[in-house]
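Chemist: got a predicted structure plus its sequence, pasted below:
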Amino acid sequence: MSTVKWSIDPTHSEVTFKVKHLVISTVTGHFRSFEGNLEVSDENFDGAKASFSADIDSIDTNVADRDAHLKSDDFFNAEKFPKLTFANGVMKKTGEDTYELTGDLSIRDVSKKVSLKAEFGGQMVDGYGQTKAGFEITGSINRKEFGLQWDMVTEAGGVVVGDTVKLALNVQFTKE
């Protein structure tokens, strides 16, 4: 049985994360440089193998000082660990247009199995004859489980950075 490879189209995709600040508001960040693939044995994506990576240096929260802090050893340590990766991913159909995506997420030098929800947005041939497929992938992780340990408590006892990080990937794949 032959496999078909699909690659993320970065010009029509976004990778975002959200984390609580002072437990009263949410900060949104993006990874601007990333790549990913799906390998399928038929057209329905059930059982598809998935891989993904993002460049830590591409992190963007719209605040240069915060971005620099996130790239430092307090958080991602971009110099020593330049990428976060998702490997050995497998999509399992859970509903008409829904999947569970399970794989090994690696941040810094920590790898853990995570499960994310994937909603299939559909498939279409674009104006250039390329077949595209869209997915919205969501989930959350505990940042401290991946070595992102930096923390600070305010004078009033409030936490500066929440532990839960919400992930949202809106990705469009191109069939190769």
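Modeler: Yep, it's here.
Chemist: pretty sure Leu70 belongs to a helix, no?
Modeler: Yes - secondary structure of Leu70 (DSSP: H, G, I helix; E, B strand; the rest coil): part of a helix.
Chemist: residues near it, how many?
Modeler: 20 (other Cβ atoms under 10 Å). For every residue, glycine as well, the C-beta is placed using N, CA and C.
Chemist: list the beta-bridge partners for the residue nearest to it when sequence neighbours are not counted.
Modeler: Once flanking residues are discounted, Leu70 sits nearest to Ile59: 5.3 Å by Cβ to Cβ, 6 or more residues apart in numbering. Note on Ile59: beta-bridge partners by DSSP bridges are Phe31.
Chemist: low-confidence ranges, the protein, go.
Modeler: For the chain, the stretches with pLDDT under 70 are 1, 21-25, 148-162.
Chemist: can you show me the helices along the chain?
Modeler: Secondary structure of the chain, counting by DSSP state H: helices at 64-71.
Chemist: which residue ranges of it form strands?
Modeler: 4-8, 14-21, 25-31, 34-40, 49-55, 59-60, 83-93, 98-107, 110-125, 131-142, 161-175 (DSSP state E).
Chemist: between those, which gets nearest to Ala68?
Modeler: Closest approach to Ala68 among those (Cβ to Cβ): strand 59-60, 9.5 Å.
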